[in-house]
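**Q** need a structure here:
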Amino acid sequence: MLVSFTSVTYHRRTICLITLLLVFALNGYSKDYDILDYGAEDGKKSTEAIQDAIDLCHSEGGGRVIVPQGRFITGTLVLKDFVLLHLEQGAILEGSLDREDYLQTFRLHGMVFAEDATNIGITGSGTIQANGIHFYDTTANHTYEEFDRKLTRQGLDYMPEGEFYSDGPYKRLPKPGMTLSFFHCSQLTLKDFTLLDSPSWAIRMAYVEEASVDNIRIFNNLMIPNSDGIHLTASRNVRINNCHIRGGDDAIVMTGFAIEEDVPDFDPEVQKATKYGNKSEYAENLIVTNCQLQSRSAGIRVGYGQHPIRRCTFSNIQIYGSNRGIGIFAHDKSHIEELHFSNISIETRLHNGQWWGNAEPIHLSAVSRFPGLSAGSIKDVYFHQITMVGEHGINLYGLEDSPLENIHMSRMKLLITKGVETESYGGNFDLRPVADPQLRLFKHDIPGLYAQNVNGLYLDHFHLEWGEDLPSFFTHGIWLKDVSGFEKVNVNSPHNPGSKDGKPIYRNQPD
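**A** Model prediction:
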């Protein structure tokens, strides 16, 4: 039976909304500390002066550290309990061009760092300018060996050697760390400011418990790799509203990464060692609403990492100009479940150069990135009222030992079009990162919707259209491989008119 999206999510959403309402009130402390009073100078490096203001504010019980109108250069600033960094209108906090000005603890940090802190935040209508482009070579591309070009449809003509890829990414040079990073923190508020040109992830929240992000703008250079917008790792009870985010990687991300991201499991002692932050094993309870997103990877990404992920809601979102729209990746052994997406418009396109993604409006995959280990699972995912225009179809890709389960799609509309890079980069599946070299980037015909190893696929009011002059590798309307429990209501899925053998619904399996 097809299940109503509204009836399934109403109760959960109400509980989440109540749980995630945050009030940032500095326990009655309201004193302001103007950085000019501690030696900060307009146009000059002021790290020490700003840190002095933060330290005094913290020692006296909390308040606001005021960055007034002007341009103040800084390395890493360490936020502490009950301190708000407030950027007044016209204030510019600018990242130093000297890597030696950035703090090194368990990793190299960027402009603002906090660990094991509570009731902290950054507010105000000012600007954080991270100067990321300074740490890249704009005359060369960032490339590395991670797939076999001979497995692609184009063979050795895929990313031909010696060519400068106009969509990037630029080549990395030694750089600072993530611009704003918060580890094991509780009661975090980020509001109203603009962040520009991060050299790496713009905002990272790791093991954060309760955070509110509202009305911020993140405009990174789309040519800079790994310049994610807001990247949550193993965090819970977070709400993101009214944001405009552009990044040379995923715009908004919920992962289960531990501190050591490239190991198969997580150490619970890391969480026990701190006073604040997320103490549960889950990355959960994320609500994202009313946002505009652009990405060189996915506008929204859920997945990767050792901690299980659950109970995330995304609504009223515009995704444009991205390699992928929505990506859900169970590439570790942890599980992903209870995800809801509604009222979202998606526009994707193929980009040249070494970016993950092939313009899929929606991508779900459960494949392992660790040799010899099985992937986790993806289950109970609901899509409702999604309008898509892209240069690739929807891809639901499970394996026999890691199937996708209970995927609902209602009120879906997809138009597949031909783009500038369709012949040069199209006609392939991209499952990176994955341990099996055969599954990283490989030739595959493209239907409107591809589903493999899915247990329970429910389509209600699914409408597919094909643009003009599409290559013949665009084929079926819907392609089912090893799918059980397929149900459909009001499905219109014609095959590509340019495909000789295309079918509205093709099954390469027994009925």
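**Q** rest of the way, CA atoms for contacts and neighbours
**A** OK.
**Q** can you list the strands that the helix or strand hosting Gln187 pairs with?
**A** Secondary structure assignment for Gln187, by DSSP states H and E: strand 186-191. According to DSSP bridges, strand 186-191 forms sheet pairs with strand 118-123 (parallel), strand 209-214 (parallel).
**Q** next SSE after the last one?
**A** With elements assigned by DSSP H and E, the helix or strand that comes after strand 209-214 is strand 217-219.
**Q** how far is that following strand from where the chain is centred?
**A** Between the centre of strand 217-219 and the centre of its chain there are 14 Å (C-alpha atoms, centre = their mean, to the nearest Å).
**Q** show me which positions of it end up buried.
**A** Judged by neighbour count using 16 or more other C-alpha atoms under 10 Å, the buried positions of strand 217-219 are 217-219.
**Q** parallel or antiparallel, which strands does that strand pair with?
**A** Sheet partners assigned to strand 217-219 using DSSP bridges are listed as strand 194-196 (parallel), strand 244-247 (parallel).
**Q** mean pLDDT added to those, as a markdown table?
**A** Formatted as a markdown table, the strands paired with strand 217-219 follow (pLDDT from 0 to 100):
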| stretch | mean pLDDT |
| --- | --- |
| strand 194-196 | 99 |
| strand 244-247 | 98 |
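**Q** quick check: which of those is buried the most?
**A** strand 244-247 (a mean of 27; mean count of other C-alpha atoms under 10 Å).
**Q** can you show me the CA trace of that strand as PDB?
**A** Below are the C-alpha coordinates for strand 244-247, written out as PDB (Å, rounded to 0.1, in the frame of the first residue of the first chain):
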ATOM      1  CA  HIS A 244      22.000  30.600   0.900                       C
ATOM      2  CA  ILE A 245      25.000  28.400   0.400                       C
ATOM      3  CA  ARG A 246      27.300  27.900  -2.600                       C
ATOM      4  CA  GLY A 247      30.300  25.500  -2.400                       C
END
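**Q** residues touching that strand, excluding its own?
**A** Strand 244-247 is contacted from outside by 215-222, 227-229, 251, 291-296, using C-alpha atoms under 8 Å, 6 or more residues apart in numbering.
**Q** distance-wise, check Pro68 relative to Thr127.
**A** Note on Pro68: its distance to Thr127, by C-alpha to C-alpha, to the nearest Å, is 11 Å.
**Q** ok, those two, which is more surrounded?
**A** Neighbours around Pro68 and Thr127, counted as other C-alpha atoms under 10 Å, are more numerous at Thr127. The numbers are 23 against 20.
**Q** can I assume Gly121 is in contact with Leu87?
**A** No: counting by C-alpha atoms under 8 Å, Gly121 does not reach Leu87; the two are 11.0 Å apart.
**Q** any chance you could map the helices in the protein?
**A** Per DSSP state H, the chain carries helices over the ranges 5-20, 47-59, 268-272, 422-425.
**Q** grab the nearest non-local neighbour of Thr138.
**A** Leaving aside its sequence neighbours, Thr138 sits nearest to Tyr170 (C-alpha to C-alpha, 6 or more residues apart in numbering; 5.5 Å).
**Q** okay, now Glu60: neighbour count?
**A** Counted by other C-alpha under 10 Å, the residues lying close to Glu60 total 11.
**Q** how much space between it and Val83?
**A** 10 Å.
**Q** swap in Arg411?
**A** Arg411 sits 45 Å away from Val83, going by C-alpha to C-alpha.
**Q** what does Pro68 give?
**A** To Val83, Pro68 is 16 Å away according to C-alpha to C-alpha.
**Q** how about Gln129?
**A** 21 Å.
**Q** these two: who's more crowded?
**A** Relative neighbour count places Val83 above the other of Gln129 and Val83, with 29 against 23, counting by other C-alpha under 10 Å.
**Q** do I have it right that Lys275 meets Asp116?
**A** Yes: with contact defined as C-alpha under 8 Å, Lys275 counts as touching Asp116 (6.2 Å).
**Q** what about those two, which has more around it?
**A** Asp116 (18 against 15).
**Q** next one: phi and psi at that one?
**A** phi 50, psi 50 (degrees, to the nearest 10).
**Q** swap in the one 10 residues further on?
**A** Reported as degrees, to the nearest 10, the phi and psi values for Gly126 are phi -80, psi -170.
**Q** what residues are up against it?
**A** Taking C-alpha under 8 Å, 6+ apart as the criterion, Gly126 is in contact with 87-92, 192-194.
**Q** rerun at 6 Å
**A** Contacts for Gly126 (C-alpha atoms under 6 Å, 6 or more residues apart in numbering) come out as 87-91, 193.
**Q** could you do Leu85 as well?
**A** 64-65, 122.
**Q** make it 10 Å
**A** 32-33, 50, 53-54, 63-67, 79, 112, 120-124, 190 (C-alpha atoms under 10 Å, 6 or more residues apart in numbering).
**Q** so Val83 makes contact with Leu77?
**A** No: counting by C-alpha atoms under 10 Å, Val83 stays clear of Leu77, with 12.0 Å between them.
**Q** quickly list what's touching both of the two.
**A** Listed contacts common to Val83 and Leu77 are Ile54; contacts here mean C-alpha under 10 Å, 6+ apart.
**Q** okay, strands next: where are they in the stretch 101-250 of the chain?
**A** 112-115, 118-123, 127-129, 136-141, 170-172, 180-183, 186-191, 194-196, 203-206, 209-214, 217-219, 230-233, 236-241, 244-247 (DSSP state E, counting those that start in this stretch).
**Q** so what are the sheet partners of the first one and their directions?
**A** Meaning strand 112-115. Strand pairing (DSSP bridges) places strand 112-115 next to strand 77-78 (parallel), strand 180-183 (parallel).
**Q** adding distance to Leu97 and mean neighbour count, write those out as CSV.
**A** Formatted as CSV, the strands paired with strand 112-115 follow (distance: least, C-alpha to C-alpha, whole Å; neighbours: other C-alpha atoms under 10 Å):
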stretch, distance to Leu97, mean neighbour count
strand 77-78, 15, 20
strand 180-183, 16, 24
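**Q** to Tyr506, which of those strands lies closest?
**A** Proximity to Tyr506 (C-alpha to C-alpha) singles out strand 180-183 among the strands paired with strand 112-115, at 47.2 Å.
**Q** what about the closest one, average pLDDT?
**A** The average pLDDT within strand 180-183 is 98.
**Q** export it as PDB, just CAs?
**A** The C-alpha trace of strand 180-183 is given here as PDB (Å, rounded to 0.1, in the frame of the first residue of the first chain):
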ATOM      1  CA  LEU A 180      34.600  27.700  11.400                       C
ATOM      2  CA  SER A 181      34.900  24.400  13.300                       C
ATOM      3  CA  PHE A 182      33.100  23.300  16.500                       C
ATOM      4  CA  PHE A 183      33.900  20.000  18.200                       C
END
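**Q** distance from the chain centre to it, please.
**A** Here strand 180-183 is found 16 Å from its chain centre; the criterion is C-alpha atoms, centre = their mean.
**Q** likewise for stretch 432-440?
**A** That offset, for stretch 432-440, works out to 20 Å (C-alpha atoms, centre = their mean).
**Q** tally of neighbours for the closest residue to His351 other than its chain neighbours?
**A** In space, and not counting its chain neighbours, His351 is closest to Asp167: 6.1 Å by C-alpha to C-alpha, 6+ apart. Per other C-alpha under 10 Å, the neighbour tally for Asp167 reads 17.
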